[in-house]
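Novice: Predicted model and sequence follow; I will ask about them next.
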Amino acid sequence: MHHFEYKSGRLHCEGVDLNLIADTAGTPVYVYSTATLRRHARVIAAAFEGQNCLIAYSVKANGNLAVLKTLASEGCGADVVSGGEMRRAMTAGIPASKIVFSGVGKTRGEMALGLEIGIHQFNVESAAELEALSEVATFLGKTAPVALRVNPDVAAGGHPNISTGKAGDKFGVPWADAPALYERMKDLPGIKAVGVDVHIGSQIGELAPMRAAFEKTISLVKQLREAGHDLTRIDLGGGLGIPYKSDDSPAPPSDYAEMIREVTEGLGLEVILEPGRVIAGNAGVMVSEVLYHKPAPDRTFLIIDAGMNDLMRPALYQAHHDILPVNEPAAGTAETRYDIVGPICESTDKFAAERTMPEVAVGDRIAFMSSGAYGAVLSSQYNARPLVSEVLVDGDNYAIVRRRPRFEDMIELEQMPDWLI
Ligand code: LLP
């Protein structure tokens, strides 16, 4: 569910016409709905009501400070994968006690930051990382609460590039190594094992692979408890899918919560979840303006002012985004087929091939739906294009929450060496 719909012939985000935002903020621009963000956070919280559960929003999906602050006010914690994300979460007012730190390549500096501020949990992904964390914690006189991320060897995820739980993936420790690593933790100074962590992929529409991975992980928790480890938490990662097309029907949060209740029942574990896409995905769109029509012998290219640097998902994962004209097509408007492309000098700069949609004119705006997660966060300045801007809507209000950099901002970090001056 989301809050983007036509009103008086114009696509609105809540009470605001997307044309108005495009006029004032320019295009391309991401537009986020506060109402949708809040709704998704509440639906998930309601689904897990009565379960001892920390909802640690996965900052990588959309780390804009205004988005984080909105979710902080809904009580969300944060799943972070870098010192930068940790600082973003803190800046937005998410307390350290609700932050979990994931990722395969934490630096010692990042570990120190997490220890200094006292985060809830480190999700550790290798024996070497465990030793490093022990050294840093001992040096600082702290104890790191640790969950080992295990690799359950279960396939899942909407695309091979976003599957993380198979044995050949770089994520998690091999299943068979886990018991010995927990034994090692007993002797490691500065380390306290508090739980087990698992995350098998993203855009997962069916619960079966998740249930398989979670049941396997629960059996490990039981085995470890029997071996004398006092484990009180289980982190089940993120990954719940969202509808990108109208006929997509991924499992709803209520079924997901019920499945988790069943598999964790009676164990007295705190359940940590790291949802990203399911909260932010359908809460955002990217708006772009049509620059040119370019007829070719067998097709028409629709050239727009957004490029793959602004929205990477189609180029990276062949992802589908519904594309709607911001001006609602009048009854009887002809449908046509476009290859929708951007201005970047790469053949992968293509948002859609042979997309059937109503005819749009030069100067019209189009909206890429379901772009709130893994949209602006993946954008770059490739081709020396300014970073795409971001706008947050709340009812009839809107504000630019990340401005487009000026040319001077874009070159600010560069310096001429002496010999070229
Ligand atoms: N926890 C961990 C350890 C993760 O690696 C991820 C996502 C999440 C939680 C959040 O997963 P979510 O609930 O959003 O599915 N850029 C790709 C998706 C990459 C996902 C990376 N990890 C895309 O645009 O589809």
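Specialist: Right, received. Where do you want to start?
Novice: What's the local residue count around Pro417?
Specialist: For Pro417, the count of nearby residues is 6 (other C-beta atoms under 10 Å). Heads up, the C-betas are built off the backbone N, CA and C, glycines and all.
Novice: ok, now which ones touch the residue of the stretch 1-150 of the chain found nearest the ligand?
Specialist: For the stretch 1-150 of the chain, the residue closest to the ligand is Ser58, as judged by C-beta to the nearest ligand atom, at 3.6 Å. Applying C-beta atoms under 8 Å, 6 or more residues apart in numbering to Ser58 gives the contacts Ala78, Asp79, Gly238, Glu274, Pro275, Gly276.
Novice: Same list (those) but as JSON lines, adding secondary structure, neighbour count and pLDDT.
Specialist: Formatted as JSON lines, the contacts of Ser58 follow (DSSP: H, G, I helix; E, B strand; the rest coil; neighbours: other C-beta atoms under 10 Å; pLDDT from 0 to 100):
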{"residue": "Ala78", "secondary structure": "strand", "neighbour count": "29", "pLDDT": "98"}
{"residue": "Asp79", "secondary structure": "strand", "neighbour count": "32", "pLDDT": "98"}
{"residue": "Gly238", "secondary structure": "coil", "neighbour count": "23", "pLDDT": "97"}
{"residue": "Glu274", "secondary structure": "coil", "neighbour count": "27", "pLDDT": "98"}
{"residue": "Pro275", "secondary structure": "coil", "neighbour count": "26", "pLDDT": "98"}
{"residue": "Gly276", "secondary structure": "coil", "neighbour count": "24", "pLDDT": "98"}
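Novice: mind checking how far Tyr338 is from the ligand?
Specialist: 23 Å (C-beta to the nearest ligand atom, to the nearest Å).
Novice: Confirm that that residue sits in a strand.
Specialist: Yes - assigned with DSSP: H, G, I helix; E, B strand; the rest coil, Tyr338 falls within a strand.
Novice: That one and Ile303 touch, don't they?
Specialist: No - applying C-beta atoms under 8 Å as the test, Tyr338 and Ile303 come out as separate, 9.7 Å apart.
Novice: Neighbour count for the two, which is higher?
Specialist: It is Tyr338, of Tyr338 and Ile303, that has more neighbours when counted by other C-beta under 10 Å, with 25 against 17.
Novice: Spit out the contact partners of the closest residue to Lys142 other than its chain neighbours.
Specialist: Counting by C-beta to C-beta, 6 or more residues apart in numbering, Lys142 lies nearest to Leu115, which is 4.4 Å off, once chain neighbours are set aside. By C-beta under 8 Å, 6+ apart, the contact list for Leu115 reads Val136, Ala137, Leu140, Lys142, Ala144.
Novice: The residues you listed, buried ones only, as a PyMOL selection?
Specialist: In PyMOL syntax, the buried subset of the contacts of Leu115 is picked out as below (16 or more other C-beta atoms under 10 Å):
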select buried, resi 136+137+142+144
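Novice: In helices only, show me the contacts of Leu115.
Specialist: Secondary structure from DSSP state H places Val136, Ala137, Leu140 of the contacts of Leu115 in helices.
Novice: I'd like the residues you listed laid out as a markdown table, including distance to Ser254 and pLDDT.
Specialist: A markdown table is the format used below for the ones in helices among the contacts of Leu115 (distance: C-beta to C-beta, whole Å; pLDDT from 0 to 100):
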| residue | distance to Ser254 | pLDDT |
| --- | --- | --- |
| Val136 | 41 | 98 |
| Ala137 | 39 | 98 |
| Leu140 | 42 | 98 |
